[in-house]
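In: Fold the following and give me the result.
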Amino acid sequence: MAGENIKSFDLAALMRRGDIQVLKIARNHPRMTAEEYLILLSRFVGLAPAVEASILRIAEFSDSADDLKILTDCKFLMMSVGHSAVLADLNTLIDTVRQGNRRLASIFAQNFFDAFRGVYKRTIASINGSIADFGEYLRGEHERGEDAAAGSETAEARLQTLTDVLRIATKNEARRKRRVLSIDDSLVMIKTVTAALDGEYTVKGLTDPTRIEHTLLRFMPDLFLLDVIMPNLNGFDLIPIIRKFPEHANTPIVILTGNGSEECLATAVSLGVNDFMVKPITPKILREKIAKHMANRQIIL
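Out: This next block holds a predicted model:
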């Protein structure tokens, strides 16, 4: 491990990412420590830029034997950490390169690049420091909870089994405040929503809807509040963008809009919106609606 840049990761966030199967790895390798898993995940993050470069070289017919080795090393790491979502496509690319079919490999590489970059970006979004911060992260999550011994001097958090650490992370996740992302081009409206939910939920406001993908890589809400009429992207435009994130395939979406027409409501229903409120909002009703959807929300996917 000497010389390696080992990262600490938000394991609760990783468990909710649809393209990484942390729990499956823990079940299949019950003796694996949290540190061993973090080392593998850090190695994947460290190798990923070289993998992207190799994919581009294959796409441009300028690859070498080194690129095949990089892809093969990446395959091993992705299998080791549970990155299953794009593994089949990576296998196809590797097999095609080995067969020497450069034209077909170029096509596969072009199609694979964005999928791999998405996995890489979602993984680095879960980094929360170096491995030295991991015990502090875990202790800070549960504070004085029943699992406080997990961060004690007798057993550093990172040397516990991955299974035990995930159990603690799951409990901590269940105890934390639920997160709400309010997207509205009106700062006044976002402040109104925040005031209505203050103390009960962690609320993040976003006035620029074009930053939705950037925001979702860094903030993982349990519920969305969407305005409809906004510049550049309206609330209905945001729904398919939200749903393409595996972890938000079923996250509740509530529309808050000044347009209470039947047409607007019908569009919302057709897009699978979970609830609909016409402005001006009543704080009590908003809290009741959110509480109802949060109660049905499975926190760890």
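In: List the buried residues in the top helix by length along the chain.
Out: In the chain, taking DSSP state H as the definition, the longest helix is helix 34-59. Neighbour-count burial for helix 34-59, counted by 16 or more other CB atoms under 10 Å, picks out 34-45, 47-48, 51-52, 54-55, 57-59. Bear in mind the C-beta positions are built from the backbone N, C-alpha and C, glycine included.
In: repeat for stretch 221-234
Out: For stretch 221-234, burial by neighbour count (16+ other CB under 10 Å) applies to 221-228, 230, 233-234.
In: same question, stretch 189-196
Out: 189-190, 192-194, 196.
In: Give me the contact list for that stretch.
Out: With contacts defined as CB atoms under 8 Å, 6 or more residues apart in numbering, stretch 189-196 is touched by 180, 182, 184, 203, 205-207, 225, 227, 256, 279, 281, 283, 286-287.
In: Can I get it as PDB, trimmed to CA atoms?
Out: Output in PDB follows, covering the C-alpha atoms of stretch 189-196 (Å, rounded to 0.1, in the frame of the first residue of the first chain):
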ATOM      1  CA  MET A 189     -39.600  30.300  -3.800                       C
ATOM      2  CA  ILE A 190     -36.600  28.200  -2.800                       C
ATOM      3  CA  LYS A 191     -36.300  30.200   0.500                       C
ATOM      4  CA  THR A 192     -40.000  29.700   1.100                       C
ATOM      5  CA  VAL A 193     -39.600  25.900   0.700                       C
ATOM      6  CA  THR A 194     -36.500  25.800   2.800                       C
ATOM      7  CA  ALA A 195     -38.300  27.700   5.600                       C
ATOM      8  CA  ALA A 196     -41.200  25.400   5.400                       C
END
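In: Could I get the average pLDDT for it?
Out: Stretch 189-196 carries an average pLDDT of 94.
In: Stretch 75-94 now?
Out: 94.
In: Let me see the ranges of the strands in the stretch 151-300 of the chain.
Out: 179-183, 202-206, 223-226, 253-257, 275-278 (DSSP state E, counting those that start in this stretch).
In: which of these sits most buried?
Out: Ranked by mean neighbour count under mean count of other CB atoms under 10 Å, the strands of the stretch 151-300 of the chain are led by strand 223-226, which reaches a mean of 25.
In: Now do it: which elements does it pack against?
Out: Where contact means 3 or more CB pairs under 8 Å, 6 or more residues apart in numbering; DSSP states H and E, strand 223-226 is packed against strand 179-183, helix 235-243, strand 253-257, helix 283-295.
In: M220 versus the spatially closest residue to K177 that is not a sequence neighbour, what's the distance?
Out: Take K177 and drop its neighbours on the chain: the residue closest to it by CB to CB, 6 or more residues apart in numbering is T202, 4.7 Å away. Distance, T202 to M220, using CB to CB, to the nearest Å: 11 Å.
In: again, but for R211
Out: 15 Å.
In: So these two - more neighbours on which side?
Out: Just comparing R211 and M220: by other CB atoms under 10 Å the higher neighbour count belongs to M220, 20 against 12.
In: Next, count neighbours for R16.
Out: 22.
In: Touching, it and E247? I think so.
Out: Yes - shown here, R16 and E247 form a contact pair, counting by CB atoms under 8 Å, at 4.7 Å.
In: how about stretch 283-301: buried residues?
Out: Buried-residue list, stretch 283-301, by 16+ other CB under 10 Å: 286, 289-290, 293-294.
In: ok, the residues you listed vs T161, which is closest?
Out: T161 lies nearest to M294 out of the buried residues of stretch 283-301, by CB to CB, at 31.2 Å.
In: give me every residue that touches the closest one.
Out: With CB under 8 Å, 6+ apart, M294 has these contacts: 178, 222-223, 252.
In: That one and E288: what is the separation?
Out: Between M294 and E288 the computed distance is 11 Å (CB to CB).
In: Format the strands of the stretch 151-300 of the chain as TSV; extra columns: distance to S106 and mean pLDDT.
Out: Shown next, in TSV, are those (distance: least, CB to CB, whole Å; pLDDT from 0 to 100):
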stretch	distance to S106	mean pLDDT
strand 179-183	39	96
strand 202-206	38	95
strand 223-226	39	96
strand 253-257	39	94
strand 275-278	47	94
